[in-house]
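1. okay, here's the prediction I keep looking at, along with the sequence it came from:
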Amino acid sequence: MKQSFLVAAASPMETVLIVAAIILMYVLVTFIPGIIPLFTGSILAIVTTWLSNRAFKKIENKQLKHKT
């Protein structure tokens, strides 16, 4: 849990974008409920994974800069 909060604090833009993606998916499902079995899980997983990977790379780059 602690690491999750540290990653969120280190990259707030990605955290906001993940929350925005979840809200957007909720709005889409509310208006078009037929897409629930087709797109919701996979699209949300792809977006969340991509944004999380960006956050991890940012943290890794910061750590590398501090080591040198």
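-> It's in. Everything quoted here is computed from the prediction, not taken from an experiment.
2. packing partners of the one helix or strand in the chain whose mean pLDDT sits lowest?
-> Within the chain, no helix or strand scores below helix 2-10, which has a mean of 85 by mean pLDDT, DSSP states H and E. Judged by 3 or more Cβ pairs under 8 Å, 6 or more residues apart in numbering; DSSP states H and E, the packing partners of helix 2-10 are helix 41-67. The way it works is simple: take the backbone N, C-alpha and C, and place the C-beta from them, glycine included.
3. which neighbouring elements make contact with the helix or strand just after the least confident helix or strand of the chain?
-> Moving toward the C-terminus from helix 2-10, the next helix or strand (DSSP states H and E) is helix 12-31. If contacts are counted by 3+ Cβ pairs under 8 Å, 6+ apart, helix 12-31 sits against helix 41-67.
4. picking that back up, got a list of contacts for the least confident helix or strand of the chain?
-> By Cβ atoms under 8 Å, 6 or more residues apart in numbering, the surrounding residues in contact with helix 2-10 are Thr15, Ser52, Ala55, Phe56, Lys58, Ile59, Lys62.
5. ok, of those, which come out buried?
-> Thr15, Ala55 (16 or more other Cβ atoms under 10 Å).
6. possible to save the contacts of helix 2-10 as TSV with pLDDT and distance to Leu24?
-> TSV is the format used below for the contacts of helix 2-10 (pLDDT from 0 to 100; distance: Cβ to Cβ, whole Å):
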residue	pLDDT	distance to Leu24
Thr15	92	15
Ser52	93	17
Ala55	91	19
Phe56	92	23
Lys58	90	23
Ile59	88	25
Lys62	86	29
